[in-house]
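> Sequence first, predicted model second:
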Amino acid sequence: MRDCISDRDEPMNELTTETRNERSTHLDSLSTIEIVELMNSEDALLATAVAVEKQSIAQAIDAIVASFQSGGRLFYIGAGTSGRLGVLDASECPPTFNTPAEMVVGIIAVGDGALRRAIEGAEDSSTQTVEDLAKHQFSSRDTLIGIASSGGTTYVLGGLDYAKQCGAVTVGLTCKANSKLHQHADIVIAPVVGPEVLSGSTRLKAGTATKMVLNMLTTGAMVKIGKTYGNLMVDLRASNNKLRLRSISSVGFDVALNTIGTTIRNAYAKAGIDFATAEAACLSIAGAGRAEEQKRVLHWCALRGVAHKAKVVCVEDPAVGALRIAGGMA
């Protein structure tokens, strides 16, 4: 006996993601360029579908920010393609925003082995989700996002119910209107992308729309907690030469100094901070003495919780002072 009802108990003709796309019924008779044009035209519909859900996406971002600010985390759960996309987005946060690995967690049904190969029946257990979340000591401070393209994956529904019992905010991400998931989540994001070019293959439009939403959720949340300055990735983890150069150029973008690269390298050395820590980059902009930049820096400091240290920038070498602030050395 299964733990609870799954997608397979819902008539396939009621699942938007499973119905036939009338524009691709002759897919196997199209030329190569016609296949490309058809898929491209279908993908062009996705931005509009996601835009319809903008209010729900913004609401979810604010919930994630509240979790982060209270010491909580963001969790993704899903099975198959949905689970893989959640794990992918979570794994991109540490190198992009220099976050701890446990701050954004992606969980896929039956574990990481399902990342590389499909495992039958992985989505049909609700009790397994409870065990998976409990292993991470999931709590009321966390936010859970359950991803299920068809809106009825048992593994996801069980996790959302458990998160609610814990007192956490729950978000459902699906590509089906009025799905089962709507009854299990506090916030629902449902970009309806229509039938797939290849019937039932939700790795296509549904997967792309899901990734678009996930990009917005984590990027928006990280911006709101001060992980960027303007549109610059000033908090990236500079773990290779490309990222080291990017961390320098992030400073040089706003500071009119011909020798900015050398200046910042020397400042890191003087402050005794590992150059791989790029979070201080934007504060050195205050050294230009521009009133507008000073205001932006103060706002950024407030987001990061270091506003009380911002005055240090004005009383010593700007670059060194900035580094000391971000490094907690002031």
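Right, received. Where do you want to start?
> give the contact list for Val205.
Heads up, residue 205 is Lys, not Val. By Cβ atoms under 8 Å, 6 or more residues apart in numbering, the contact set of Lys205 is Glu42, Asp43, Leu45, Leu46, Cys175, Val193, Gly194, Glu196, Val197. C-beta: built from backbone N, CA, C; applies to glycine.
> Of those, which belong to helices?
Among these, the ones falling in helices (DSSP state H) are Glu42, Asp43, Leu46.
> mind putting those residues in a markdown table, distance to Gln59 included?
Output for those, formatted as a markdown table (distance: Cβ to Cβ, whole Å):
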| residue | distance to Gln59 |
| --- | --- |
| Glu42 | 28 |
| Asp43 | 26 |
| Leu46 | 21 |
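> Of the residues you listed, which is the nearest to Tyr155?
Closest to Tyr155 out of these is Leu46 (25.0 Å), distances taken as Cβ to Cβ.
> Now for the closest one, how many residues are close by?
Neighbours of Leu46 under the rule other Cβ atoms under 10 Å: 20.
> Any of the contacts of Lys205 buried? List them.
Buried members of the contacts of Lys205, counted by 16 or more other Cβ atoms under 10 Å: Glu42, Leu46, Cys175, Val193, Gly194, Glu196, Val197.
> May I see the residues you listed arranged in TSV, with distance to Phe75 and pLDDT as well?
Output for these, formatted as TSV (distance: Cβ to Cβ, whole Å; pLDDT from 0 to 100):
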residue	distance to Phe75	pLDDT
Glu42	31	96
Leu46	25	97
Cys175	20	95
Val193	24	95
Gly194	29	92
Glu196	27	94
Val197	31	94
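> Inside strands: which ones of the residues you listed?
In strands, judged by DSSP state E, none of those are found.
> is it possible to export the residues you listed to JSON lines including distance to Asp112?
Shown next, in JSON lines, are the buried ones among the contacts of Lys205 (distance: Cβ to Cβ, whole Å):
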{"residue": "Glu42", "distance to Asp112": "31"}
{"residue": "Leu46", "distance to Asp112": "28"}
{"residue": "Cys175", "distance to Asp112": "25"}
{"residue": "Val193", "distance to Asp112": "27"}
{"residue": "Gly194", "distance to Asp112": "32"}
{"residue": "Glu196", "distance to Asp112": "26"}
{"residue": "Val197", "distance to Asp112": "29"}
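> which residues in the stretch 101-250 of the chain form strands?
104-108, 143-147, 169-173, 187-189 (DSSP state E, counting those that start in this stretch).
> Can you tell me which of the ones you listed is most buried?
Each of these was given a mean neighbour count from mean count of other Cβ atoms under 10 Å, and the largest, a mean of 29, is that of strand 143-147.
> What mean pLDDT does that one get?
On average, the pLDDT along strand 143-147 is 98.
> tell me which strands and helices it is in contact with?
When contacts are defined as 3 or more Cβ pairs under 8 Å, 6 or more residues apart in numbering; DSSP states H and E, strand 143-147 sits against helix 54-69, strand 74-78, helix 80-97, helix 154-166, strand 169-173.
> low-confidence ranges in the stretch 101-250 of the chain?
118-123, 234-250 (pLDDT under 70).
> Looks like Val105 contacts Ala90 (just checking).
Yes: taking contacts as Cβ atoms under 8 Å, Val105 lies within contact range of Ala90: 5.8 Å.
> Not counting its neighbours along the chain, what's nearest Gly146?
Take Gly146 and drop its neighbours on the chain: the residue closest to it by Cβ to Cβ, 6 or more residues apart in numbering is Val156, 3.9 Å away.
> follow-up on the earlier one: and which of the ones in helices among the contacts of Lys205 is nearest to Ala168?
Nearest to Ala168 out of the ones in helices among the contacts of Lys205 is Leu46 (Cβ to Cβ; 29.2 Å).
> thinking the closest one is in contact with Gly194, fair?
No: the pair Leu46 and Gly194 does not pass the contact test of Cβ under 8 Å, sitting 9.7 Å apart.
> ranges for the helices of the chain?
Under DSSP H, the chain gives helices at 32-43, 46-51, 54-69, 80-97, 127-135, 154-166, 205-224, 241-252, 260-271, 291-304, 318-326.
> Quick check: end-to-end length of stretch 98-111?
25 Å (Cα to Cα, to the nearest Å).
> One more: stretch 140-157?
First-to-last residue span, stretch 140-157, Cα to Cα: 17 Å.
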